[in-house]
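[1] Predicted model and sequence follow; I will ask about them next.
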Amino acid sequence: MKNIQKLSLLLLSMLVFSCQENQDNELTHSDPTDPVVTITYKEKAKQTFDLIQQNYKINSSGLYLENFPKEVGDRQSSYLWSLDGLLAGVNQLKAIGYKDAVLNDSYTALDKYYDSQRLPSAYAAFPVQYSLDDRFYDDNAIIALELIEDYEITKNQASLDRAIKQVDFTMTGEDNKTGGGLYWVEQYRNKPESDLCNKAVCATAFTTTYLLKLYQHTKNEDYLLFAKRLYKWLNENTKDPVDNLFWNDIRVRDNYVNKTKWTYNSGAMITNNILLYEISKDQAYLNEAKAIASSTYRVFTRTVDGKLFFPEHDSWFNVCLFRGYLDLLRHDTNAQNYVNTFISNADYAWEKARNNHGLFYEDWAGIKPGRDKWLLQQAALVEIYGRIALLKGEKQL
């Protein structure tokens with residue numbers, strides 16, 4: 001009888017080990033109410049990244065697909081914007097301690113977008129091996145931010161040097177039309193009759209952010225003066241005085257203001273005010289960050305089945321707002337409420353908002369799949385789970 005009992009225990013142990021091994025190698029759907037089955041945020045970030053590598057990576061070119069499955073009309077690879085979202089996620093994975101060699105692949109892919117044929121050099125919207133596409137000032141500002149963050153995490157001086165080099169291109173995007181600010185697209189800068197010739201809040205706000213960060217690292221006063229000039233234009237020309245949130249752009253030909261509001265523009269301005277507060281210690285900047293954050297939480301959240309959710313569209317935009325909340329949290333404990341709502345949204349998305357490929361819906365409330373095939377939307381989840389892991393002190397050993 002004892003031998004039978006021992007054999008039974010051995011078989012049970014093998015079964016448990018086998019199940020655990022399968023869980024470690026497959027996408028795990030955890031139940032937060034189950035005390036046995038748990039998964040950390042750092043593991044969620046890595047599993048989401050691995051899913052992107054599995055489905056979006058083009059092995060023949062080292063680039064990534066724009067959509068999975070690939071859609072009719074898709075080009076040879078993703079646009080720069082989608083890759084940038086992946087870079088942000090990769091930075092978080094590095095920050096929480098992952099050292100997999102594959103993490104460098106997205107930065108290797110980034111080099112294929114670098115256009116040195118048109119001066120000043122900058123990143124084009126599409127790999128230059130295929131064509132010389134438009135160069136967006138917002139894309140280049142966002143890339144500069146990722147390069148700076150890579151430097152902060154890895155101490156790779158080449159990343160900081162490349163971000164500094166971006167300033168030459170950025171400077172070509174500013175003139176006195178509409179009172180200042182930065183154009184959205186280089187190619188439309190000299191086509192004032194076009195609807196696409198506009199001064200964009202996204203380009204101007206993210207550029208302000210990377211200039212302020214460059215100032216923190218280099219103490220070059222030119223970066224600070226440039227950033228303050230852009231910050232002043234944003235507040236005087238693109239801020240809604242009613243709710244402190246920011247509009248989208250100003251069309252150059254007639255000064256028409258596009259008053260659409262997106263989470264990422266206001267999120268970037270929360271960060272800009274926090275950076276200026278940390279640089280100057282002027283309380284007015286911190287108060288402004290608090291006011292913008294409070295308004296974003298009121299304006300952009302919605303209630304679904306008794307739970308608060310951020311907008312059902314453009315989840316990468318929403319993650320940019322999350323960045324702003326995290327920056328504010330360094331100086332204002334009241335921001336924890338905003339952060340907690342985002343964490344709740346990300347938890348819900350893990351359980352309730354994925355398609356049959358395991359990819360995430362654009363709507364984290366799980367109602368509308370939206371653009372669930374788009375690389376940018378998937379990359380946003382790598383970033384947010386990574387940032388939550390950092391916030392909670394989770395580190396990969």
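    Arrived safely. Numbering: from 1, shown residues only.
[2] In terms of helix, strand or coil, where does residue 126 fall?
    coil (DSSP: H, G, I helix; E, B strand; the rest coil).
[3] Let me know whether it touches residue 79 as I believe.
    Yes: here residue 126 reaches residue 79: they are 6.0 Å apart, a contact under Cβ atoms under 8 Å. (Each C-beta comes from the backbone N, C-alpha and C, glycine too.)
[4] in stretch 387-395, what counts as buried?
    Neighbour-count burial for stretch 387-395 flags 387-390, 394 (criterion: 16 or more other Cβ atoms under 10 Å).
[5] Ok, stretch 167-177 next?
    167, 169-170, 172-174, 177.
[6] what does stretch 238-245 give?
    238-239, 243-245.
[7] Of all pairs in those, which one is the farthest apart?
    238 and 243 (12.9 Å; Cβ to Cβ).
[8] Put the alpha carbons of stretch 250-270 into PDB.
    Extracted in PDB, the C-alpha atoms of stretch 250-270 (Å, rounded to 0.1, in the frame of the first residue of the first chain):
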ATOM      1  CA  ILE A 250      -3.100  75.200 -35.600                       C
ATOM      2  CA  ARG A 251      -3.400  75.200 -39.400                       C
ATOM      3  CA  VAL A 252      -0.800  77.600 -40.900                       C
ATOM      4  CA  ARG A 253      -2.800  79.100 -43.800                       C
ATOM      5  CA  ASP A 254      -5.600  80.500 -41.700                       C
ATOM      6  CA  ASN A 255      -4.700  80.000 -38.100                       C
ATOM      7  CA  TYR A 256      -7.600  77.600 -37.700                       C
ATOM      8  CA  VAL A 257      -7.300  75.800 -34.300                       C
ATOM      9  CA  ASN A 258      -8.200  72.100 -34.300                       C
ATOM     10  CA  LYS A 259      -9.700  71.700 -30.900                       C
ATOM     11  CA  THR A 260      -9.600  67.900 -30.700                       C
ATOM     12  CA  LYS A 261      -8.100  66.800 -27.400                       C
ATOM     13  CA  TRP A 262      -6.000  63.700 -27.000                       C
ATOM     14  CA  THR A 263      -4.700  62.100 -23.900                       C
ATOM     15  CA  TYR A 264      -1.100  62.100 -25.000                       C
ATOM     16  CA  ASN A 265      -0.800  65.900 -25.600                       C
ATOM     17  CA  SER A 266      -2.000  66.700 -22.100                       C
ATOM     18  CA  GLY A 267       0.100  63.900 -20.700                       C
ATOM     19  CA  ALA A 268       3.200  65.400 -22.200                       C
ATOM     20  CA  MET A 269       2.400  68.700 -20.700                       C
ATOM     21  CA  ILE A 270       2.100  67.200 -17.300                       C
END
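[9] mind listing what residue 154 touches?
    residue 94 (Cβ atoms under 8 Å, 6 or more residues apart in numbering).
[10] repeat that for 10 Å
    91, 94-95 (Cβ atoms under 10 Å, 6 or more residues apart in numbering).
[11] Roughly how far does it sit from residue 147?
    Residue 154 is 11 Å from residue 147, where distance means Cβ to Cβ, to the nearest Å.
[12] so what sits against both of those two?
    residue 91.
[13] ok so, going back, what's the overlap in contacts for residue 126 and residue 79?
    Counting by Cβ under 10 Å, 6+ apart, the residues touching both residue 126 and residue 79 are 66, 113, 133.
[14] Which of those residues sits closest to residue 254?
    For these, the nearest to residue 254 is residue 133 (27.2 Å; Cβ to Cβ).
[15] which strands and helices sit next to the helix or strand that residue 264 is a member of?
    Here residue 264 is covered by helix 263-280, with elements defined by DSSP states H and E. Judged by 3 or more Cβ pairs under 10 Å, 6 or more residues apart in numbering; DSSP states H and E, helix 263-280 is in contact with helix 137-154, helix 201-218, helix 221-237, helix 283-300, helix 315-329.
[16] What helices and strands are in contact with the helix or strand hosting residue 49?
    Assigned by DSSP H and E, residue 49 belongs to helix 41-56. Packing contacts for helix 41-56, counted by 3+ Cβ pairs under 10 Å, 6+ apart, involve strand 63-64, helix 80-95, helix 105-110, helix 336-352, helix 375-391.
[17] Could you save the ones you listed as JSON lines and add columns showing distance to residue 297 and mean pLDDT?
    Formatted as JSON lines, the helices and strands packed on helix 41-56 follow (distance: least, Cβ to Cβ, whole Å; pLDDT from 0 to 100):
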{"stretch": "strand 63-64", "distance to residue 297": "33", "mean pLDDT": "98"}
{"stretch": "helix 80-95", "distance to residue 297": "22", "mean pLDDT": "98"}
{"stretch": "helix 105-110", "distance to residue 297": "32", "mean pLDDT": "98"}
{"stretch": "helix 336-352", "distance to residue 297": "5", "mean pLDDT": "98"}
{"stretch": "helix 375-391", "distance to residue 297": "17", "mean pLDDT": "98"}
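[18] Make TSV from those and add distance to residue 195 to it.
    As requested, those are exported to TSV (distance: least, Cβ to Cβ, whole Å):
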stretch	distance to residue 195
strand 63-64	30
helix 80-95	20
helix 105-110	30
helix 336-352	34
helix 375-391	23
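[19] shaky segments in the protein?
    Within the chain, the ranges that satisfy pLDDT under 70 run 1-37.
[20] What sits closest to residue 344 if chain neighbours are left out?
    In this structure, residue 344 finds its nearest non-sequential neighbour in residue 307, 6.8 Å apart by Cβ to Cβ, 6 or more residues apart in numbering.
[21] Equivalent analysis for residue 322, please.
    Once flanking residues are discounted, residue 322 sits nearest to residue 342: 4.8 Å by Cβ to Cβ, 6+ apart.
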